[in-house]
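Engineer: Sharing a sequence plus its predicted fold:
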Amino acid sequence: MEYARMIINKNKLVSLLRLPVLRMSCIVILAIATSYSAQAQSWRIEPIVGFGLEYDDNATLNIRTDEEVVLEGLLLDLSANIKYASETTSFFLQPRVLLRNYRDEPDFDSDDYFLRSRFDYEGRVNSIGFRVNYDHQTIRTAEREISDLEIDDPDEITDDDTGLILLFGTRDKWRISPYWKYQLSNISSIGADLDYFDVRYEDVFAGLLTDYTNARLNLNYRRAFSNVQTGLVTVTARNFDSTARLSDITTVGLKVGFERAPSEKMRLIAKIGLEDVNQSGVDLDPEVVADVTLIRKQETISMFAQYRRSVSASGASRLAVRDSFNFNFRRRLNEKIAAGIGVRAYQSRGLGDSASFDDRDYVQLQSTFFWYLSQSLVIEASYRYTIIDRTPGIGERANANQINLWFVYQPRTIPGL
């Protein structure tokens, strides 16, 4: 009974804290924006409007062919990129609304909301900044990874989905990530960053997906060995708290590696280490964690490739070990036409030797064709093939084909690849 009262009080506290956090985030963002309003020439606002058509032959990735949900609908994507840049400061804010309407399946209609923001200040010896992200999505989209060709930042690739998209309901996810870096000398620096996630589910059958918070603190040391190569050391600590658990899960870890940048157009990052998981009543061996990331950008080619092995949090109320591979490649064929391919694949296993609710294999392949009718109007056609096996070895495998056609109007955006 005492524990039940503690849980209730804790949930009330979290609910009360989320609104101040939202308010504080907005105040910080507005304060930064206002402080530089006098330098209007450094600001840029880019509205983007997208109208799309969608077809999906198995929208819920159901293993039974007689229960597949076929969706045909209209999409409206409204966003704005608000940017500021000076010699020492940069700021980015992107509010976005994505509306989905399916005439024959109105239960799957949704209004999804997103916020992306980032602030960076680089002084002579100190650098500070933060990232604040917010997602409000239906379970069907929030818990299904997408091989997004626009992602080229390793920190923006999610690893907390569950693959449980058969459910109705919504997920609200906050990510707050401040950082600090101090330059010890012209070849070495220290720093710290915090990655805090707060995830809440609404209208989901009790126990299948649970609210959680995941906070990770990283202490970093960098040392340049040459003009192109830098050594990296990261000490990390994490606290994972789920409403379905009687106690928090904590982890500590160490990763070492290097970053190699032979030119401004190419960067290679490789790290490996161990993460020790402390879970009450369970004796677990330390897990090997690693990531290798290659980023290459040229005038007509953009490529991102990453392998990552991580201990990941999710709404499954426990941590899991995930091996993932992410790849996207885009090429500008001429002034009017560009094309790209993307791959998102992962294998997730619950900690320990026994099979669990977390076990699943996932692969998504995407191809996209871009036709620039003008600098302001772009037509995008894409095809995605997705396959998921939620209980590997038993045969609960499902696949889906999805086709999208977008008409994008971006009057102030310089077209990319």
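Structural biologist: Everything's here; your move. Residues are numbered from 1 along each chain as shown.
Engineer: Does residue 236 touch residue 216 like I think?
Structural biologist: Yes: Residue 236 is within contact range of residue 216, at 6.1 Å (criterion: CB atoms under 8 Å). C-beta here means a position set from N, CA and C on the backbone, and glycine is covered the same way.
Engineer: Quick check: the residue nearest to residue 49 when sequence neighbours are not counted vs residue 312, distance?
Structural biologist: Of all residues not flanking residue 49 in the chain, residue 409 sits nearest, at 4.6 Å (CB to CB, 6 or more residues apart in numbering). According to CB to CB, to the nearest Å, residue 409 and residue 312 sit 37 Å apart.
Engineer: Look at these two and report which has more neighbours.
Structural biologist: residue 312 (21 against 14; other CB atoms under 10 Å).
Engineer: Tell me where the chain is predicted with low confidence.
Structural biologist: Counting by pLDDT under 70, the ranges of the chain that qualify are 1-41, 353-358, 393-395, 415-417.
Engineer: where do the helices sit along the protein?
Structural biologist: Along the chain, the segments classed as helices by DSSP state H run 2-35, 139-142.
Engineer: Extract the C-alpha trace of the last one and format it as CSV.
Structural biologist: Pointing back at helix 139-142 there. In CSV, the C-alpha atoms belonging to helix 139-142 read as follows (Å, rounded to 0.1, in the frame of the first residue of the first chain):
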residue,chain,number,x,y,z
ILE,A,139,1.3,4.5,-31.8
ARG,A,140,1.3,3.3,-35.4
THR,A,141,3.8,5.9,-36.4
ALA,A,142,5.7,6.5,-33.1
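Engineer: Could you name the helices and strands sitting against it?
Structural biologist: strand 110-122, strand 170-183 (3 or more CB pairs under 8 Å, 6 or more residues apart in numbering; DSSP states H and E).
Engineer: between those strands, which gets nearest to residue 345?
Structural biologist: strand 170-183 (22.3 Å; CB to CB).
Engineer: Give the pairing partners of the closest one; include direction for each.
Structural biologist: According to DSSP bridges, strand 170-183 forms sheet pairs with strand 126-138 (antiparallel), strand 188-202 (antiparallel).
Engineer: so the residue nearest to residue 49 touches residue 377, yeah?
Structural biologist: Yes: under the criterion of CB under 8 Å, residue 409 makes contact with residue 377 at 5.8 Å.
Engineer: coming back round to it: Serialize the strands paired with strand 170-183 to CSV and add fields for mean neighbour count and distance to residue 390.
Structural biologist: Listed next are the strands paired with strand 170-183 as CSV, based on neighbours: other CB atoms under 10 Å; distance: least, CB to CB, whole Å:
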stretch, mean neighbour count, distance to residue 390
strand 126-138, 18, 19
strand 188-202, 18, 18
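Engineer: Include distance to residue 220 when you put the ones you listed into TSV, please.
Structural biologist: Formatted as TSV, these follow (distance: least, CB to CB, whole Å):
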stretch	distance to residue 220
strand 126-138	12
strand 188-202	5
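Engineer: quick one: residue 165 from residue 323, how far?
Structural biologist: From residue 165 to residue 323 the distance is 21 Å (CB to CB).
Engineer: Which residue of these two possesses the greater neighbour count?
Structural biologist: Using other CB under 10 Å as the criterion, residue 165 and residue 323 rank with residue 165 on top: 20 against 15.
Engineer: what's near enough to touch the more buried one?
Structural biologist: 60, 61, 139, 140, 141, 143, 144 (CB atoms under 8 Å, 6 or more residues apart in numbering).
Engineer: With respect to residue 396, which of those is nearest?
Structural biologist: residue 61 (10.2 Å).
Engineer: and the closest one, what does it touch?
Structural biologist: 144, 163, 165, 166, 386, 388, 398, 399, 400.
Engineer: at 10 Å what do you get?
Structural biologist: Residue 61 is in contact with 68-69, 140, 144, 163-166, 362, 386-388, 390, 397-400, counting by CB atoms under 10 Å, 6 or more residues apart in numbering.
Engineer: Could you check how far it is from residue 389?
Structural biologist: Taking CB to CB, one finds residue 61 at 10 Å from residue 389.
Engineer: Show me the chain divided up by domain.
Structural biologist: The chain breaks down by automatic domain parsing into domains covering 1-35, 36-409.
Engineer: so which of those is the most packed in?
Structural biologist: Of all these, domain 36-409 carries the top mean neighbour count, a mean of 16, counting by mean count of other CB atoms under 10 Å.
Engineer: how far does that domain sit from the chain's center?
Structural biologist: 2 Å (CA atoms, centre = their mean, to the nearest Å).
Engineer: got it, and stretch 403-417?
Structural biologist: Its chain's C-alpha centre and that of stretch 403-417 lie 21 Å apart, by CA atoms, centre = their mean.
Engineer: in this protein, which residue is closest to the centre?
Structural biologist: Centroid-nearest residue in the chain, with CA atoms, centre = their mean: residue 158, separated by 3.3 Å.
Engineer: isn't that one right up against residue 312?
Structural biologist: Yes: counting by CB atoms under 10 Å, residue 158 does reach residue 312; the two are 9.4 Å apart.
Engineer: Would you mind grabbing the residues shared as contacts by those two?
Structural biologist: Listed as contacting both residue 158 and residue 312 by CB under 10 Å, 6+ apart are residue 324.
Engineer: and residue 67, what does it touch?
Structural biologist: 58, 60, 166.
Engineer: between the residues you listed, which is closest to residue 195?
Structural biologist: Nearest to residue 195 out of the contacts of residue 67 is residue 166 (CB to CB; 29.1 Å).
Engineer: Surely that closest one touches residue 60?
Structural biologist: Yes: the criterion here is CB under 10 Å, and residue 166 meets it with residue 60 at 5.1 Å.
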